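S.K.: heads up, no residue letters with this:
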């Protein structure tokens with residue numbers, strides 16, 4: 001992976017933040033970190049190429065020391081329990097689902113939403129939605145509008161709860177949990193869940209944290225570049241049962257893909273509208289897409305089908321579903337096509353647990369942080385161009401029952417509840 005540039009520095013931005021810390025302007029310094037990281041972490045030349053913000057994390061350490069809550073002695077004994085910190089919680093998406101699963105497995109937790117983007121304050125997001133999705137959790141939003149005030153508020157939560165373990169799944173540019181966590185007693189176990197694992201994220205290089213990665217690919221990269229052990233904790237998706245499939249032939253095969261628009265290409269040879277048309281030109285069934293695509297893109301897909309004489313109603317679109325697994329069981333589908341070029345890990349795991357063979361994009365033209373295939377049961381179903389994709393679909397159609405059994409077995413061995421709990425216990429130091 002010679003094109004991997006694991007660490008990114010923004011020297012001018014970091015110098016500005018450093019000057020603000022020197023001047024005691026902590027709120028401005030916190031915002032400077034958030035705005036600085038926010039200005040580059042979504043750039044195409046960054047996504048999939050860089051992970052670590054050593055310079056910014058040193059600034060976070062300085063702020064943690066400068067804003068330390070001196071009323072909490074370092075040797076304070078924890079009461080016990082878990083405190084989970086998120087920036088925001090969504091009704092869909094793998095990041096929030098991981099938080100939901102953690103709370104469920106732990107049997108409850110205090111969940112703090114930093115609201116660093118102001119989405120709850122503005123009313124765009126509702127705390128009630130997070131509470132409804134995590135009924136075992138006590139959910140608290142940091143209400144102070146200033147960043148420095150949020151740090152103080154979170155420190156007060158720490159003092160009141162006195163958790164034994166603090167789990168952080170913050171968004172990439174959010175420094176607030178780490179600055180506040182510098183005031184935690186030394187006995188508290190702090191765990192960094194590296195779920196935002198193909199873009200640079202604040203907090204990833206800080207010392208004193210247990211580091212958790214969700215793929216072996218990222219675990220290897222992080223252990224090498226951070227110089228310390230990382231725990232591989234495979235994503236867990238609750239088992240909702242195996243689908244009973246009809247026995248397909250190529251003439252009846254139906255393909256399902258799932259993912260939001262940012263995970264597909266709009267132009268080039270692998271433009272999604274072209275791939276959909278190529279697939280439907282091969283198979284006799286339908287092509288389902290689950291996940292939001294804008295109206296313009298949907299129009300491109302239908303135009304591409306029309307140009308090739310393919311009935312438009314063979315492309316079936318559902319923008320959002322409460323449970324991908326349940327939807328996959330209900331659809332008369334046979335094979336899951338993972339999003340490309342950016343893979344959706346959780347969706348592929350759900351599909352294989354449901355029994356769908358997973359066909360996935362495996363070209364090394366992807367950014368190095370996206371080149372992982374360890375979540376897929378059959379590595380022979382990877383594809384790099386359209387002819388290989390069509391060949392993979394033919395392979396599935398020729399031996400669907402065996403491919404289904406392999407997918408389901410892989411889920412049970414790698415991503416079931418027992419595996420998740422075992423690795424979580426390792427990360428949390430529970431025996």
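M.R.: That came through fine. The shown structure was predicted, so the numbers you read here are calculated from the model rather than taken from an experiment.
S.K.: Phi first, then psi, for residue 341.
M.R.: phi -80, psi -10 (degrees, to the nearest 10).
S.K.: Could you do residue 85 as well?
M.R.: Torsion angles, degrees, to the nearest 10, at residue 85: phi -120, psi 120.
S.K.: where does it sit relative to residue 98, distance-wise?
M.R.: Residue 85 sits at a distance of 13 Å from residue 98 (criterion: CB to CB, to the nearest Å). From N, CA and C alone the C-beta is placed, and that goes for glycine too.
S.K.: Could you check which of those two has the larger neighbour count?
M.R.: Neighbour count, other CB atoms under 10 Å: between residue 85 and residue 98, residue 85 has more, with 25 against 19.
S.K.: contacting residues for the more buried one?
M.R.: 111-112, 114, 154, 166-170, 177 (CB atoms under 8 Å, 6 or more residues apart in numbering).
S.K.: List just the nearest of these to residue 335.
M.R.: For those, the minimum distance to residue 335 (CB to CB) is 31.8 Å, reached by residue 169.
S.K.: quick one: contacts for the closest one?
M.R.: Contact partners of residue 169, counting by CB under 8 Å, 6+ apart, are 84-86, 95, 98-99, 193, 195.
S.K.: Okay, now the unreliable bits of the chain?
M.R.: Residues of the chain meeting the criterion pLDDT under 70: 1-6, 73-76, 78, 92-94, 196, 364-366, 431.
S.K.: mind checking the SS state of residue 185?
M.R.: When classified by DSSP: H, G, I helix; E, B strand; the rest coil, residue 185 comes out as coil.
S.K.: and it, how many neighbours does it have?
M.R.: By other CB under 10 Å, 17 other residues sit near residue 185.
S.K.: Which residue is the nearest non-sequential neighbour of residue 218?
M.R.: Spatial nearest neighbour of residue 218, chain neighbours left out: residue 197 (4.8 Å); criterion: CB to CB, 6 or more residues apart in numbering.
S.K.: what sits against that neighbour?
M.R.: Counting by CB under 8 Å, 6+ apart, residue 197 makes contact with 51, 213-215, 218, 369.
S.K.: so which of these comes closest to residue 230?
M.R.: residue 213 (5.2 Å).
S.K.: Tell me where the stretch 51-200 of the chain has strands.
M.R.: Taking DSSP state E, counting those that start in this stretch to define them, one finds strands in the stretch 51-200 of the chain at 82-86, 109-113, 137-141, 165-169, 189-194.
S.K.: Reformat the ones you listed as JSON lines; add distance to residue 339.
M.R.: Formatted as JSON lines, the strands of the stretch 51-200 of the chain follow (distance: least, CB to CB, whole Å):
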{"stretch": "strand 82-86", "distance to residue 339": "24"}
{"stretch": "strand 109-113", "distance to residue 339": "28"}
{"stretch": "strand 137-141", "distance to residue 339": "30"}
{"stretch": "strand 165-169", "distance to residue 339": "22"}
{"stretch": "strand 189-194", "distance to residue 339": "20"}
